[in-house]
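>>> Turn this into a structure:
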Amino acid sequence: MSPATMGFMYIFLVACTVTVTWATIYDIPFRSCRGIPGPSAIKVNCSSFERETCTLTKGQTYSIWANFTPQINVNAVQSSVAWKTWVEMPLPGQDADGCNGYLECPLAQNTPTTFTYPLQIQNFWMRRRYPIVWRLKDANTDIKILCFTFKILIT
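Residues are numbered from 1 along each chain as shown. As a prediction, this is how the structure comes out:
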């Protein structure tokens, strides 16, 4: 390889490393919602993690992984995520189709699966700490198949 090619490869590898390592994957403490099945584990690639809160930076996209075992067979899944304050407010710009590459649908009863979602933190969201509630439900019957809450801090 020529020195120019080697130099380009080095710069490319450094750029890839910086791009990939800007966030770290953390096991996130969560709470299941009352009367609705919860996940066995939640992971998020937070910018940082302190005091049981995942820090997320405006303008970035973060991956969320929720491992769970559905209690029923489900063909179509609706996903919803909201700020959990005194009134629940849906997070704008999120995809509600849980089978749109986020789950392997259909879901089989008692078969472990992982919900993977790219959460986009919009630039217009206010900087503050938020409790988040995430729900998955059967899009045909409205039966809730997963629900959990966790804390984020938007910076």
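>>> Below-threshold pLDDT in the protein: ranges please.
1-22 (pLDDT under 70).
>>> And the residue nearest the centre of it?
residue 64 (2.4 Å; Cα atoms, centre = their mean).
>>> what's across from that residue in the sheet?
residue 44, residue 117 (DSSP bridges).
>>> I'd assumed residue 25 was in a helix, is it?
No. Secondary structure of residue 25 (DSSP: H, G, I helix; E, B strand; the rest coil): strand, not part of a helix.
>>> wouldn't the residue nearest to the centre of the chain be in contact with residue 42 here?
Yes. Here residue 64 lies in contact with residue 42, judged by Cβ atoms under 8 Å, at a distance of 7.1 Å. Just so you know, the C-beta spots here come from the backbone N, C-alpha and C atoms, and that holds for glycine as well.
>>> Count residues in the vicinity of residue 109, would you?
By the criterion of other Cβ atoms under 10 Å, residue 109 has 11 neighbours.
>>> okay, how far is it across stretch 96-104, tip to tip?
By Cα to Cα, to the nearest Å, the extent of stretch 96-104 from end to end equals 15 Å.
>>> Name the surrounding residues that touch that stretch.
76-80, 95, 105, 113-117, 136, 139 (Cβ atoms under 8 Å, 6 or more residues apart in numbering).
>>> For the residues you listed, which ChimeraX command selects only the ones that are buried?
Buried residues among the contacts of stretch 96-104 (16 or more other Cβ atoms under 10 Å), as a ChimeraX selection:
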select :77,78,79,80,105,113,115,117,136,139
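>>> Relative to residue 89, which of the contacts of stretch 96-104 is nearest.
residue 80 (11.2 Å; Cβ to Cβ).
>>> And the closest residue to that closest one other than its chain neighbours, how far from residue 129?
Closest residue to residue 80 apart from its sequence neighbours, by Cβ to Cβ, 6 or more residues apart in numbering: residue 135 at 5.0 Å. Relative to residue 129, residue 135 is positioned 21 Å away (Cβ to Cβ, to the nearest Å).
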